[in-house]
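A.B. asks: When you get a sec, could you give me coordinates for this:
(one chain, ligands or ions: 1)
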Amino acid sequence: MTVKPTVLRDLPADLEREKLPRHVAVIMDGNGRWAKRQGLPRIMGHRRGVDALKELLRCCKDWGVQALTAYAFSTENWGRPLEEVEFLMMLFERVIRQEIDELISEDVRIKFVGNLTSLPGTLQTEIYRSMNLTQHNQGIQFTVATNYGGRQEIIQVCREIATKVQQGKLQPEDINEALFEQHLYTVGTCHPDLMIRTSGEMRVSNFLLWQIAYSELYVSDTLWPDFDRAEFHRALCAYQQRDRRFGKVN
Ligand code: FPP
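C.D. replies: Numbering: from 1, shown residues only. Okay, here's the model as predicted:
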């Protein structure tokens, strides 16, 4: 992961720059409940969710977090009502098209991970276009998990490695953690230091199962569309209090 050193803007005084997470992952939960509370259709929650995500990305960049990964659509989300799924696909496409110029000017490198081949063709076109146009950007790595499932990712890695063994390109004893990681969607990006989930749910929901082995988990009761800079600040303060031992004794 190459991310150039940023000029930090507005880093709150109570946060230590050296102890910031390098990579933050976020499960953006609670859009539907947010909309219901406002008496709005669920899709309005997703619309407001985009604003919250943009704000978090801006904040990560301002404060010097090198990578942000957001869970936009899981492999299980296809089971939602058809009109909601269609709305989300349309929303993703429109947001990428609308935001691409700003992503470029803000030096954001965008990457989509997941089984992209099952997404609508027009969305795939925008996805690959945005990845190509931002591939040399170094301000922040922004990964969007779309049609993503952690178990599916692990199975995909197993298939690729098994094929190489079958072809004689690898021996079974060559298989280790480093080799496995080379086949993950997230190759080249460090593991999340902090994983945030909103709306109070205490689950990881098939997100980055391999990568979060030693991530610090932070659950906020706030519904995703209301997750703002102040909430992120709280999450970072909590993170900086954690004693990360990685299974060892200090
Ligand atoms: C979960 O809330 C949210 C989602 C499944 C969609 C999240 C997507 C966005 C915020 C748009 C991101 C856009 C781009 C281009 C990256 P929920 O619907 O499960 O809420 P609920 O639990 O209250 O029903």
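
A.B. asks: which phi and psi does residue 243 have?
C.D. replies: Residue 243 has phi and psi values of phi -110, psi 100 when expressed as degrees, to the nearest 10.

A.B. asks: swap that for residue 56, sorry
C.D. replies: When read as degrees, to the nearest 10, the backbone of residue 56 gives phi -70, psi -40.

A.B. asks: Please verify my assumption that it contacts residue 26.
C.D. replies: Yes - Residue 56 is within contact range of residue 26, at 6.8 Å (criterion: C-beta atoms under 8 Å). Glycine gets a C-beta too; all of them are placed from N, C-alpha and C.

A.B. asks: quick one, which of the two is more surrounded?
C.D. replies: residue 26 (27 against 24; other C-beta atoms under 10 Å).

A.B. asks: Could you tell me whether that one really is in a helix?
C.D. replies: No - counting by DSSP: H, G, I helix; E, B strand; the rest coil, residue 26 is not found in a helix; it is strand.

A.B. asks: Nearest residue to it in space, please, no chain neighbours.
C.D. replies: residue 196 (4.8 Å; C-beta to C-beta, 6 or more residues apart in numbering).

A.B. asks: dump the residue contacts of the residue sitting furthest away from the middle of the chain.
C.D. replies: In the chain, residue 168 marks the outermost C-alpha relative to the chain mean, sitting 34.9 Å out by C-alpha atoms, centre = their mean. Neighbour list for residue 168: empty [criterion: C-beta atoms under 8 Å, 6 or more residues apart in numbering].

A.B. asks: what residue ranges in this protein score low on pLDDT?
C.D. replies: 1-8 (pLDDT under 70).

A.B. asks: residues in contact with the residue nearest to the spatial centre of it?
C.D. replies: Central residue of the chain (C-alpha atoms, centre = their mean): residue 69, 1.8 Å from the mean position. Residues counted as contacts of residue 69 (C-beta under 8 Å, 6+ apart) are 23-26, 113, 142-145, 186, 189, 192, 208.

A.B. asks: hmm, back to that, check for me that the residue farthest from the centre of the chain belongs to a helix.
C.D. replies: No - in this structure, residue 168 is coil, not part of a helix, as judged by three-state DSSP.

A.B. asks: which residues sit against the helix ranked longest in the chain?
C.D. replies: Ranked by residue count under DSSP state H, the longest helix found in the chain is helix 82-105. Contact partners of helix 82-105, identified using C-beta under 8 Å, 6+ apart, comprise 42-43, 46-47, 50, 54, 72-73, 77-78, 110, 119-120, 122-123, 126-127, 129-130, 133-134, 137, 142, 146.
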